[in-house]
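A.B. asks: Generate coordinates for the sequence data below:
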Amino acid sequence: MYGKRYYSAYLPLGGILVSEEIAETYDDKPLPLGLTYSSHPVTLAAANAVLEIYEEEDMINKAAEMGTYINQKMCEMMGKHPSIGDFRNTGLLGCLELVKNRDTKEPMANWNAPPNEMGVMPKVTAKLSELGMYTISRWNLIFVAPPLCITKEQVDEGMEIISEALKISDREVI
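C.D. replies: Residues are numbered from 1 along each chain as shown. The predicted structure is shown next:
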């Protein structure tokens, strides 16, 4: 996958999406706004190439399929890990919510908690990194956002890593 051409925001590109109705308003008059690096030819060429790849490789449908697969795997993991309070995703963008108690939904770390009140969460995040998964975690949330080109084998590998890290948070469940 690394040899293919995927746009990864190495050069900034700004854009805006609006409904057809709103867009039609500006058919005969300019829209006076700009974004950082609007219409930069290098980034637009990269964006066009990416859109071609998305279409050629059917990446949107594959991402939806992999999102469904991740959801199934996460449902299985919920049966194994009592610290998973909830998992939600749209396609390949998801979030694990870790709780001390599934019935009360008491979070492993409160929203906006300062570092000294994060409890076990830094240990879970450190374990994920140690095992090779680089993701974002915030408070009691672990975000799952793999690339659109992910395979089932890679999902399985990622789920094993998450499962191993969750052994730490499972010990905190009441």
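A.B. asks: Where do the domain boundaries of this structure fall?
C.D. replies: Residue ranges of the domains in the chain are recorded as 1-57, 60-170, according to automatic domain parsing.
A.B. asks: looking at the ones you listed, which one has the lowest mean pLDDT?
C.D. replies: Comparing mean pLDDT over the domains of the chain, the weakest stretch is domain 1-57, at a mean of 76.
A.B. asks: For that domain, what is the distance to the chain centroid?
C.D. replies: Relative to the chain's own centre, domain 1-57 is displaced by 21 Å; criterion: CA atoms, centre = their mean, to the nearest Å.
A.B. asks: quick one, strands of this structure?
C.D. replies: In order along the chain, the chain carries the following strands (DSSP state E): 84-90, 93-101, 106-107, 137-138, 141-144.
A.B. asks: how close does Leu92 get to Ala165?
C.D. replies: Distance, Leu92 to Ala165, using CB to CB, to the nearest Å: 19 Å. All C-beta spots, glycine's among them, are computed from the backbone N, C-alpha and C.
A.B. asks: Give me the most central residue, the chain.
C.D. replies: The residue at the geometric middle of the chain, judged as the C-alpha nearest the mean C-alpha position with CA atoms, centre = their mean, is Ala145 (2.3 Å).
A.B. asks: My read is that that one contacts Leu93, right?
C.D. replies: Yes: contact status for Ala145 versus Leu93: in contact at 5.3 Å, counting by CB atoms under 8 Å.
A.B. asks: how near is the closest residue to Leu141 other than its chain neighbours to Ser137?
C.D. replies: Using CB to CB, 6 or more residues apart in numbering and skipping residues adjacent in sequence, the residue nearest Leu141 is Cys95, 5.4 Å away. Distance of Cys95 to Ser137, computed by CB to CB: 10 Å.
A.B. asks: And Ser19, by the same measure?
C.D. replies: If you measure Ser19 against Ser137 using CB to CB, the figure is 35 Å.
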